[in-house]
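Participant: Test case, fold it:
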Amino acid sequence: MSEKHVFVSDLHLFSRRSHAHLLADDLYRAAAGARTFVLGGDIFDFCWTTLPSVSHTVEAALAWLRRLVEPHPECEFHFILGNHDANRRFTRLLPEFTASVPNFAWHPYYVRLGGSLFLHGDVAEGAAMDHERLNQYRARWCREHKHGPVANRVYDAAVAAHLHRAIGTAAHPTRRVVRRLATYAERMGHGLANGLRHVYFGHTHSAMAGYRYGGLAFHNGGAPMRGLRFRIVDAVV
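Facilitator: Numbers count the residues shown, from 1 in each chain. Below is the predicted model:
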């Protein structure tokens, strides 16, 4: 069995600003050669979906997961929720989906594999984020209706002007982000003393590889959107 482990996040599938639909072959190849495949949140985007409704998008998301997971029974898949895919309808159906696919597991906050912690990264939105506060933060994305055409045009204009990159950099300074992630990991019982060495996360859309802070190495694959870098991350477990 392969010892390769991969991590991807922030595909924002079904959003028209995402280029992730062009990456299907790369994702299937990665799954075919991996022992572990971690999907690190915001894989789907229910708020900004181009499909007719959130309900249609939930069905499409589960079908997408099945197409990725079922052909690769030797690979263990872990799905971590992000803020853009923490939809109530979707999360209600995930346990049933998990029961039907033996090599798939889902996690609302994080998964620890060996010396590595995998999480979406939205805990960095608060200085002392716990799961109750994180659920409150995610609640704004749990609604059952999507953004309309006016909001989409505004968002498209921001992307065309590369404002999303500038805003993201200003909102998520790297050192503050990794400090908050390290603090959260320690609070959850996953620090250096517990053998933690690597943290893999998404959310900020800012690619990084091996950024060092507090004895830990931080990794982020970015996001497949215009003006941003993205990669499928080879992880250490």
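
Participant: Just to check, residue 21 is in contact with residue 12?
Facilitator: No: the criterion here is C-beta atoms under 8 Å, and residue 21 misses it with residue 12 at 10.4 Å. Where C-beta positions appear, they are placed from N, C-alpha and C, glycine not excepted.

Participant: More neighbours: which of these two?
Facilitator: Between residue 21 and residue 12, counted using other C-beta atoms under 10 Å, residue 12 has the larger neighbour count: 25 against 11.

Participant: What residues does the nearest residue in space to residue 81 that is not next to it in sequence make contact with?
Facilitator: Leaving aside its sequence neighbours, residue 81 sits nearest to residue 108 (C-beta to C-beta, 6 or more residues apart in numbering; 5.2 Å). Residue 108 sits next to 80-81, 86, 91, 131 when contact means C-beta atoms under 8 Å, 6 or more residues apart in numbering.

Participant: ok, residue 176 - how many residues close by?
Facilitator: Neighbours of residue 176 (other C-beta under 10 Å): 12.

Participant: For it, which three-state class applies?
Facilitator: Secondary structure assignment for residue 176 (DSSP: H, G, I helix; E, B strand; the rest coil): helix.

Participant: residues contacting it?
Facilitator: Taking C-beta under 8 Å, 6+ apart, we find residue 176 in contact with residue 124.

Participant: So which residue is smack in the middle of the chain?
Facilitator: Centroid-nearest residue in the chain: residue 41, 2.2 Å away (criterion: C-alpha atoms, centre = their mean).

Participant: Looks like it contacts residue 123 (just checking).
Facilitator: No: under the criterion of C-beta under 8 Å, residue 41 is not in contact with residue 123, lying 10.9 Å apart.

Participant: Now stretch 172-179: buried residues?
Facilitator: Residues of stretch 172-179 classed as buried: 172, 177-178 (neighbour count, 16 or more other C-beta atoms under 10 Å).

Participant: The longest helix seen in the chain - what's its average pLDDT?
Facilitator: Scanning the chain for the longest helix, with DSSP state H as the assignment, gives helix 54-69. For helix 54-69, the mean pLDDT works out to 96.

Participant: Same check on stretch 193-210?
Facilitator: For stretch 193-210, the mean confidence score works out to 97.

Participant: Check which residues of that stretch are buried.
Facilitator: When burial is assessed from 16+ other C-beta under 10 Å, stretch 193-210 yields the following buried residues: 196, 198-206, 208.

Participant: And stretch 19-32, by the same measure?
Facilitator: By 16+ other C-beta under 10 Å, the buried positions in stretch 19-32 come out as 20, 23, 27, 30-31.

Participant: Quick check: residue 197 vs residue 59, distance?
Facilitator: Using C-beta to C-beta, to the nearest Å, one gets 39 Å for the distance from residue 197 to residue 59.
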